[in-house]
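J.: Just to be clear, the model below is a prediction. Sequence and coordinates:
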Amino acid sequence: MEPMLSLMNDMRLRNKMFFVYFVSVFAPLLLTNVIFYQVITNNVKTQRLDDIERAVEQIRNDFRSQIDEAVGLSAFYYADYNTNEILERDFANPESYIEAYDSYLRRTLGNYSPGFLSLQSVTIYADNLSLLHSGNIGYLSDDIRSTSWYKAAVSSKRSQPVFTRIESMDGDFATFSLIRKLNYFSDQMQKEKLLRIDFKTIDLESIFANLNMEGDMYLLNPEGEIEYTTNTNVNWIEHRKTRFSSLSSKDSIEFVKEYRGISYLDGWRIVGTINEDEVVQEVQKSRSFIWWSACMMMVVPTAFILLMTKSINQRIVQILKHMKKVKSQNFEMIGQPESKDEIGQLTLEFNQMILQVKSLIQDVYLADIRTKSMELERRKAQLNALQSQINPHFLFNALETIRMRSMLKNEEETAAIIHSMAKVFRSSLTWNRDRVSVNEELGFIQCFLDIQKYRFEEKLNFSLDIAAETRSVEVPKMVFLPFVENACIHGIEPLKRGGKIDIRINADESEIVFTIRDNGVGMEQEKVASWYRFLELEEVMGERIGVQNVIYRAKMIYGDKFRFKAASELGKGTLVEIRLPRDSTQNYNL
C-alpha cells in the first residue's frame, strides 16, 4: 500500500485526474462498447453469411430442378417402346415414314414444349438412313460420333443421362445439353439411337442472377473448369476454359455447393464468391450507431474532466512558471484574477513573498552584486588585452616576408606556394564577408590544390571544369574547399601513385551544382552515413571547419533548398555533389 501511495504522490495532478477518469469511466465504457460491438458484428456477419449460403443453395436447387425436368423427359423417350420401334424400322419409302411420323412421333416430340419452358430443343439421332432427318429426328453420322458430347454419352454407364456443354463449329460455346442413349430395348432392337435435349441459356442466366447474391456465380465441371459464370471479366464462351482455381483471391469468400450421388451431375459444382468487404456492409451500418453512442458516452465525461483539469492545472502551472523565474532573478508577480479556492490562496501568498524578496534585493543584495560584476568586467578586459597581443595577422605577415625573401633568391616555386598559403590564410581571417563569388571560392581551391601538388608532386593530378555562367554566382565562403581538402588528405594521400581529382561546377535554371570526384582509397559506408546524419543534427556548429561544419552552415542558410549527395566505395574513390540555389538575391539566412 505504501509504494502505491508513494507512486500516486509523484504523479502530476492532471495525470491523477486522468487516471481516475480512465479507471472509473473510460475503461469500463470502452470495454462495454467493445464487447457490444463484437457481439453485434459477429451476429450480423453470421446472418449475412447464412443468407448468402441459402442463396447459393437455392441456385443449386433451381439449377438441378431445371436439369431434372430434362432428365424426366429423357426417361420418357428412353422407355417409350413406340418411339424406339418407329426409329428402328427400315421404311421402304418416305411416305411410309411420314405416315408413321405423323401418327405418333409428331405428337410425342411436340408435347415437351408447353410443359418444359426451359428447354430449347429435343433431337433424337438414329443410325437409320431410311428416316427423313428433320422434325427433331437426326442421322447419327460419323461427324456426330466424332463430337465430344457423343463420346461423353457413350462412356456413360447403364445408359444414364449426361449433362455436358455443346460447342459450335469454331469451338466456342453453343448450348448446354442433356445426352442419353436410347438402348432400353437393346435386346429387341439393334440400331443405335441417341437423345439430345438442349437448354435455353437465358434461363440459366435468370437462375444464376440471384438478387440475394451480390457477388459472382460459377458453374464448374468435375475438372474444376468454368462452364458458366456471371463474372463479366471471365470469357466462359470461348473454347479455352478457365480454371476456377486461377481466380482465387484471399479477399473473397467462397460458397461451394457440389452435386454428389446424382449420376448426371456428379462432380459438378455451384460456387458463389463475394468480396469480404461486402459481407461486412451490414456490420458497417450498425458500426455508425455503436460509434456514435460510444462517443457520446465518452465525450461528455471527458469534456467535464478536461474543464476541471484546466481550472486546476493551468493555475498551478502558472505558479510553477513564476517560481522558476525566481531562480533566474526574475521576480515577476502572478497577474491572474483572484479566486477563493486553495490555488487562489497559494497565488496570493506567492505574490506577497515576491514583494518581500524584491524589497530585500533592492536594499541589501543588489549593491553587492553590482560591485562583484564590476570586478569581473575589469578582469575580463585585462584578459582581452593580453590576448590581443598575439594577433593572427602576425602569421600572415610572416608568410609574406618569407615569400618576398624566396623571390629575391629566385626560388619562384617556393614563393608561389607560400603566396597560395597566404591567400588561403587571409581568406580564413576575413570572416566579416559571409558571401563570395564562385570565382573567388575557385581561387581558394586553386591555391589549395597548388599547395597539395607541390606536396605530392606527380602523385596528384587535378582538373577543373567550371561553367562560365557560374563564376559570378555568390555562395557561402569556403563551402566547397573542405570537400577538396577531404579528397586530398583522406582520399589521395594514402595512395602510392596515380591520384586524380576532378572538380566540376555547372548550373541549371535554379541551382548551382558542385561535383568533386577522386579515385582515392574511398570511405566505409558508415562514414558516408555519418555525413548524411549531419543533415539531421540540430546541435550548435562548434569551432571545426570540416565537412560537418559546411553541411551545418549550408543547412542553416538554405534550409530544404540545400541538397547533398555522397557516394563512396573502398578502393574505388568518392563522389560528392552539392546543390545550392542559384538566385543570389534570395533572402537566405546568412
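T.: Perfect, I can see it now.

J.: Could you measure from Ala174 over to Trp149?
T.: 10 Å (CB to CB, to the nearest Å). In short, each C-beta sits where N, CA and C put it, glycine included.

J.: Between the two, which contacts overlap?
T.: Ile166 (CB atoms under 8 Å, 6 or more residues apart in numbering).

J.: Of the two, which one has the most company?
T.: Trp149 (19 against 16; other CB atoms under 10 Å).

J.: Quick check: longest helix in the chain by residues?
T.: With secondary structure taken from DSSP state H, the chain has its longest helix at helix 27-79.

J.: Closest to the centroid, which residue in the protein?
T.: Asp251 (17.2 Å; CA atoms, centre = their mean).

J.: ok, now which ones touch the residue nearest to that residue when sequence neighbours are not counted?
T.: Leaving out its chain neighbours, the residue that sits closest to Asp251 by CB to CB, 6 or more residues apart in numbering is Glu276, at 5.5 Å. By CB under 8 Å, 6+ apart, Glu276 lies in contact with Asp251, Ser252, Ile253.

J.: Kindly report the same for Ile343.
T.: Ile312, Arg315, Ile316, Ile319.

J.: TSV for the residues you listed, including pLDDT?
T.: Shown next, in TSV, are the contacts of Ile343 (pLDDT from 0 to 100):
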residue	pLDDT
Ile312	74
Arg315	74
Ile316	77
Ile319	76
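
J.: Of those, keep whichever come out buried.
T.: Arg315, Ile319 (16 or more other CB atoms under 10 Å).

J.: Let's see which of the contacts of Ile343 end up in helices.
T.: Short answer: the contacts of Ile343 in helices (DSSP H) are Ile312, Arg315, Ile316, Ile319.

J.: between these, which is closest to Ile98?
T.: Nearest to Ile98 among the ones in helices among the contacts of Ile343: Ile312, at 109.7 Å, using CB to CB.

J.: what bits of the stretch 451-590 of the chain have low per-residue confidence?
T.: 538-545, 584-590 (pLDDT under 70).

J.: Please enumerate the strands of it.
T.: 460-466, 474-476, 499-507, 511-518, 563-569, 573-581 (DSSP state E, counting those that start in this stretch).

J.: want to try JSON lines for those strands, with mean neighbour count and distance to Cys447 as columns?
T.: JSON lines is the format used below for the strands of the stretch 451-590 of the chain (neighbours: other CB atoms under 10 Å; distance: least, CB to CB, whole Å):
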{"stretch": "strand 460-466", "mean neighbour count": "15", "distance to Cys447": "13"}
{"stretch": "strand 474-476", "mean neighbour count": "21", "distance to Cys447": "17"}
{"stretch": "strand 499-507", "mean neighbour count": "20", "distance to Cys447": "14"}
{"stretch": "strand 511-518", "mean neighbour count": "20", "distance to Cys447": "16"}
{"stretch": "strand 563-569", "mean neighbour count": "16", "distance to Cys447": "25"}
{"stretch": "strand 573-581", "mean neighbour count": "21", "distance to Cys447": "20"}
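
J.: could I get the ones you listed as TSV with distance to Glu342?
T.: TSV is the format used below for those (distance: least, CB to CB, whole Å):
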stretch	distance to Glu342
strand 460-466	74
strand 474-476	58
strand 499-507	68
strand 511-518	63
strand 563-569	57
strand 573-581	58
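
J.: low pLDDT regions in the stretch 51-200 of the chain?
T.: 111-117, 157-158.

J.: Which residue ranges of it form strands?
T.: Under DSSP E, counting those that start in this stretch, the stretch 51-200 of the chain gives strands at 119-126, 137-139, 162-167, 173-181, 193-199.

J.: Mind giving me the packing neighbours of the second one?
T.: It stands for strand 137-139. strand 119-126 (3 or more CB pairs under 8 Å, 6 or more residues apart in numbering; DSSP states H and E).

J.: before we move on, what about the third one?
T.: In terms of contact count using 3+ CB pairs under 8 Å, 6+ apart, strand 162-167 is assigned the packing partners helix 148-154, strand 173-181.

J.: Using CSV, write out every CA atom in the last one.
T.: The C-alpha atoms that make up strand 173-181 are tabulated as CSV, following Å, rounded to 0.1, in the frame of the first residue of the first chain:
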residue,chain,number,x,y,z
PHE,A,173,-19.9,-22.3,-76.5
ALA,A,174,-23.2,-23.2,-78.2
THR,A,175,-25.5,-24.6,-75.5
PHE,A,176,-25.8,-26.9,-72.5
SER,A,177,-27.4,-30.3,-73.3
LEU,A,178,-28.5,-33.5,-71.7
ILE,A,179,-27.4,-36.6,-73.7
ARG,A,180,-28.8,-40.1,-73.2
LYS,A,181,-28.5,-43.4,-75.1
